[in-house]
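[1] how would this look folded up:
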Amino acid sequence: MLSDETKSTFFCVHTASTTHSNQGPMPALNDLALAIEEREPGQFYWTLLEAHHGGESSETLDYRVYRVADRPQTSYSNALAMGVAELQKISAATGPASQG
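    Okay, the predicted model is just below:
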């Protein structure tokens, strides 16, 4: 749970479908969301969250931490750029199937 002083923004940043025939450790890009948190004043962290579907009858998604920034950035925009760069690394690791 976030404290009252912690500010955070959550949003989905990638919707390209990448399916894997073997359910390896890499989630599909459309199952990831990027969150930016200001844990302390002027200390912004990115967090990648992986969606977990509640089952066939459920209409909800649960998000679990997939990756977290090692160190804070001094601005929201820098943390956002670093989080997007991490998504690009994941996209590149999935290979040609993710390229439209």
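[2] Would you enumerate the residues in contact with T60?
    Shown in contact with T60 (CB atoms under 8 Å, 6 or more residues apart in numbering): G54. Heads up, the C-betas are built off the backbone N, CA and C, glycines and all.
[3] Restricting to C-alpha, output the helix or strand L34 falls within in CSV.
    Assigned by DSSP states H and E, L34 belongs to strand 32-40. Extracted C-alpha coordinates of strand 32-40, given in CSV (Å, rounded to 0.1, in the frame of the first residue of the first chain):
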residue,chain,number,x,y,z
LEU,A,32,2.5,-5.0,-19.2
ALA,A,33,1.7,-1.6,-17.6
LEU,A,34,4.1,1.1,-16.6
ALA,A,35,3.8,2.9,-13.3
ILE,A,36,5.7,6.0,-12.2
GLU,A,37,6.0,6.6,-8.5
GLU,A,38,7.3,9.6,-6.6
ARG,A,39,8.4,7.8,-3.4
GLU,A,40,10.1,10.8,-1.9
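[4] Each with direction, which strands does it pair with?
    Paired neighbours of strand 32-40 in the sheet (DSSP bridges): strand 7-11 (antiparallel), strand 43-53 (antiparallel).
[5] Now do the shortest one, average pLDDT.
    In other words, strand 7-11. Along strand 7-11, the predicted local confidence has a mean pLDDT of 57.
[6] what do you get for the longest one?
    Across strand 43-53, the average pLDDT comes to 90.
[7] Report the buried residues of that strand.
    If you call a residue buried by 16 or more other CB atoms under 10 Å, then strand 43-53 has these buried ones: 44-51.
[8] All set, thanks.
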